[in-house]
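# this one's sequence-less:
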């Protein structure tokens, strides 16, 4: 099961990177926000951060399952609050 968890995150990252490269013309036209470097580089860096968080949570879960559950709850709640705040004050 550890191998499935390990490789599923990597396969999702590789697949998402290929999808963004193949559909870059569509992605570039729909990206209206400011980017740090370039829309494609920012997208790949964002997904890389998500991959690192995925592996971090898996490692934490194997050592302290209860703490991993609390951490996911806190990060999820924070993400929802930030999304609502951004949506409310960005228009």
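Arrived safely, thanks for sending. Computed from a prediction, not measured in an experiment: that's the story for all the values here.

# measure residue 51 to residue 45 for me?
From residue 51 over to residue 45 the distance is 11 Å, taken as C-beta to C-beta, to the nearest Å. All C-beta spots, glycine's among them, are computed from the backbone N, C-alpha and C.

# More neighbours: those two, which one.
The residue with more neighbours, out of residue 51 and residue 45, is residue 51; 16 against 12, by other C-beta atoms under 10 Å.

# need the contact list for that one.
9, 10, 12, 13 (C-beta atoms under 8 Å, 6 or more residues apart in numbering).

# Narrow the residues you listed to those in strands?
In this view, those have no member that belongs to strands under DSSP state E.

# need the contact list for the spatially most central residue of the chain.
The chain has residue 50 as the residue nearest its centroid, 3.2 Å off, counting by C-alpha atoms, centre = their mean. Residue 50 sits next to residue 13 when contact means C-beta under 8 Å, 6+ apart.

# Can you tell me the element it falls in?
helix 39-63 (DSSP states H and E).

# from the chain's centre, how far out does that helix sit?
Relative to the chain's own centre, helix 39-63 is displaced by 6 Å; criterion: C-alpha atoms, centre = their mean, to the nearest Å.

# buried ones in that helix?
39, 40, 43, 44, 47, 51, 54, 57, 61 (16 or more other C-beta atoms under 10 Å).

# from the contacts of residue 51, which two are the most distant?
The span of the contacts of residue 51, defined through C-beta to C-beta, is set by 10 and 12 at 7.3 Å.
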